[in-house]
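Trainee: coords below, sequence missing:
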């Protein structure tokens, strides 16, 4: 395993930002930057042995300080949308910072994707990791409790990419952490769409949402709808149907079975690349890159708690209390046909 650490840029207020790169012997590699714990790059070989970039990212650091689409970001304190940017916890109402119409999205304007994380590379015999840590103070973006967070990103010699999240708090709070990488197994992302890549998401239901993508509190069966992705299907087959024709931006409810399980598979017939996603999170947000240029050039598979879960008693609770440990693991496994 090869590890390197280099300067990547400076923030507007002059703070240094590093990029850590890890590569295995199979020529898979990733880069993460200390600003926002962004997964800046993931490269992988195709069936002919050609290595290419399979994520959407920025070349210059300055673009990460004004992100439009969270490309590769570590998202928190709470991934996805919180209705009215507010919630009740232990009979107390908390008003959060709004940053998307009448809700909070992905932790607010100063969410975890805007923070500088401490980074500690670690090498083992068949894997190498970067452990990133962050302290979010009490009241950050409106959330209660001082939250200490650790994210360990690991690449193995078996071509697995691990995201392992941990957190503790000194007051009751809510939390949902995820990674927001834009994937395209074809590579050369700016030169084509994702329509002929195939996907399977092992979910019988999605979170029902209104026109602003705010959960209604209902869970909708996928059978007979464009959201029935339980068997491999080209992404483009129904992409013109969801969300008024924009494309997919929906949370798929994973098996009620607890523990690590397979959530999704994506295949690109042309390159021969396959990516499996395993997670112990209850939900998986599938987003088909609806607003970038070019449109539908990538997809996000964001594992985490259900959106707005704290405001719906029938959703799994995302509460974290003092003395408890928040843990979530998501694994991306890569194969070549």
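Mentor: Yes, it's here. Quantities reported herein were computed from a predicted structural model and do not represent experimental measurements.

Trainee: Only C-alpha atoms from now on, for both contacts and neighbour counts.
Mentor: OK.

Trainee: Tell me which residue is most central in this protein.
Mentor: residue 179 (2.5 Å; Cα atoms, centre = their mean).

Trainee: and the nearest residue to it once chain neighbours are set aside, what does it touch?
Mentor: Here the nearest residue to residue 179 in space, its sequence neighbours aside, is residue 74; by Cα to Cα, 6 or more residues apart in numbering that works out to 4.8 Å. With contact set as Cα atoms under 8 Å, 6 or more residues apart in numbering, residue 74 has these partners: 36-39, 112-113, 177-180.

Trainee: tell me which residues form a beta bridge with the closest residue to residue 159 other than its chain neighbours?
Mentor: Once flanking residues are discounted, residue 159 sits nearest to residue 334: 5.7 Å by Cα to Cα, 6+ apart. For residue 334, the beta-bridge partners under DSSP bridges are residue 275.

Trainee: Now do the contacts for residue 334.
Mentor: Residues in contact with residue 334 (Cα under 8 Å, 6+ apart) are 159-160, 273-276.

Trainee: can you check residue 321 too?
Mentor: Residue 321 is in contact with 168-173, counting by Cα under 8 Å, 6+ apart.

Trainee: returning to that earlier point: distance of the residue nearest to residue 159 relative to residue 110?
Mentor: Per Cα to Cα, to the nearest Å, residue 334 is found 33 Å from residue 110.

Trainee: hmm, back to that, show me the contacts of residue 321 that map onto strands.
Mentor: 168-169, 173 (DSSP state E).

Trainee: Quick one: the helices in the stretch 151-300 of the chain, in order.
Mentor: In the stretch 151-300 of the chain, no helices are found when defined by DSSP state H, counting those that start in this stretch.

Trainee: Might you list the low-confidence residue ranges for it?
Mentor: Scanning the stretch 151-300 of the chain for pLDDT under 70 picks out 190, 256-257.

Trainee: can I get the contacts of residue 334 in CSV with distance to residue 122?
Mentor: Output for the contacts of residue 334, formatted as CSV (distance: Cα to Cα, whole Å):
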residue, distance to residue 122
159, 17
160, 16
273, 28
274, 27
275, 25
276, 25
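
Trainee: So which of those is the closest to residue 224?
Mentor: For these, the closest approach to residue 224 (Cα to Cα) belongs to residue 276, at 24.3 Å.

Trainee: my guess is the closest one meets residue 332, correct?
Mentor: Yes. Residue 276 lies in contact with residue 332 (Cα atoms under 8 Å); the separation is 5.6 Å.

Trainee: can you count the residues close to residue 227?
Mentor: When neighbours are defined as other Cα atoms under 10 Å, residue 227 has 23 of them.

Trainee: how about the nearest residue to it, chain neighbours excluded?
Mentor: Residue 227's closest residue in space is residue 206 (Cα to Cα, 6+ apart), at 7.7 Å.

Trainee: now the one you found: how far from residue 86?
Mentor: For residue 206, the distance to residue 86 equals 23 Å [Cα to Cα].

Trainee: do residue 288 as well
Mentor: Counting by Cα to Cα, the separation of residue 288 from residue 86 is 27 Å.

Trainee: and these two? which has more neighbours close in?
Mentor: Legend: neighbour count by other Cα under 10 Å for residue 288 and residue 86, higher for residue 288 (26 against 21).

Trainee: Go ahead and confirm the more buried one touches residue 298.
Mentor: Yes. Counting by Cα under 8 Å, residue 288 touches residue 298, with 6.2 Å between them.

Trainee: From residue 206, how far off is the residue nearest to residue 159?
Mentor: 26 Å.

Trainee: same thing with residue 333?
Mentor: According to Cα to Cα, residue 333 and residue 206 sit 24 Å apart.

Trainee: Look at these two and report which has more neighbours.
Mentor: Neighbour count, other Cα under 10 Å: between residue 333 and residue 206, residue 206 has more, with 22 against 18.

Trainee: what's across from that one in the sheet?
Mentor: Residues in a beta bridge with residue 206, per DSSP bridges, are residue 220, residue 252.

Trainee: which residues touch it?
Mentor: For residue 206, the contacting residues are 219-222, 227, 250-253, by Cα under 8 Å, 6+ apart.

Trainee: roughly how far apart are it and residue 282?
Mentor: Going from residue 206 to residue 282 by Cα to Cα gives 11 Å.

Trainee: same check, this time on residue 241
Mentor: Relative to residue 282, residue 241 is positioned 25 Å away (Cα to Cα).

Trainee: who's in contact with the closest residue in space to residue 112 that isn't next to it in sequence?
Mentor: Of all residues not flanking residue 112 in the chain, residue 76 sits nearest, at 5.1 Å (Cα to Cα, 6+ apart). By Cα under 8 Å, 6+ apart, the residues touching residue 76 are 106-107, 111-113, 175-178.
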